[in-house]
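>>> structure of the sequence below:
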Amino acid sequence: INNTGRIVSDNIAITVNTSSATLNNAATGTVVGSLLGNLDVSNSGLVALQTYNQISGTVTPNSVVHATIVGNYVQSPTGVLQVGIASGANYSTLSVSGSATLTNSKLRVNGTSTGTATINDVVSATSLAANGLTVVGNSAGATYSYSILANSLSLAQTAVSVCGTLTTAYNGTCRVAFDN
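Numbering: from 1, shown residues only. This is a model prediction of the structure:
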């Protein structure tokens, strides 16, 4: 499957039940939905593990899906893996039976969850490499960092003050969210 456009779904974007397939998601490619089955993924574009609203033509806010691939997941430096977080206990996951390589690429968190939380096993694989991974979020109320333990990538969500302390004069840093 060579994708240079969009493959979108309100749940499962790609399922491979027989033999195996390869998804080559180009830098211009977007996949929204779950990936399931015998699949090797090469991602240079956007893979959003969320649902797609066909009416609005956008990713559904705070939506989550779970992807399980029997194969490998390789993400290039231009690639973005996007996960949805509805809460610290309800979030998207990617489970890979082979190796997952996210080196020098981006993980985007899309959700409105704020506060402090540990988000475990966002990406798990038999072998996991993520040196130089950048984690960004779209919520002004939280920042994210990642850790890898036993081939599982987890996120630490930390609450931040949106605009510091306000008095009669502005005092403190102001954080503004943007989706890049």
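
>>> who are the contact partners of Leu81?
Asn43, Val47, Leu49, Gln75, Leu94, Leu102, Ser105, Lys106, Leu107, Arg108, Val123 (CB atoms under 8 Å, 6 or more residues apart in numbering). Any C-beta I mention is one placed from the backbone N, CA and C, and that applies to glycine too.

>>> is it in a bridge, and if so with what?
Val47, Leu107 (DSSP bridges).

>>> hmm, back to that, dump the contacts of Leu81 into JSON lines; add neighbour count as well.
Shown next, in JSON lines, are the contacts of Leu81 (neighbours: other CB atoms under 10 Å):
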{"residue": "Asn43", "neighbour count": "25"}
{"residue": "Val47", "neighbour count": "27"}
{"residue": "Leu49", "neighbour count": "26"}
{"residue": "Gln75", "neighbour count": "25"}
{"residue": "Leu94", "neighbour count": "26"}
{"residue": "Leu102", "neighbour count": "27"}
{"residue": "Ser105", "neighbour count": "20"}
{"residue": "Lys106", "neighbour count": "19"}
{"residue": "Leu107", "neighbour count": "24"}
{"residue": "Arg108", "neighbour count": "19"}
{"residue": "Val123", "neighbour count": "27"}
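
>>> looking at those residues, spot the one nearest Ile148.
Nearest to Ile148 among those: Val123, at 8.8 Å, using CB to CB.

>>> neighbours around the nearest residue to that closest one once chain neighbours are set aside, how many?
Nearest-residue entry for Val123: Leu153, 4.2 Å, with adjacent residues in sequence omitted and distances by CB to CB, 6 or more residues apart in numbering. Around Leu153 there are 25 other residues, counting by other CB atoms under 10 Å.

>>> could you verify my assumption that Leu153 touches Tyr146?
Yes - the pair Leu153 / Tyr146 is scored as a contact, 5.6 Å apart, by CB atoms under 8 Å.

>>> quick check on Asn72: phi, psi?
phi -120, psi 150 (degrees, to the nearest 10).

>>> fine by me, we can end here.
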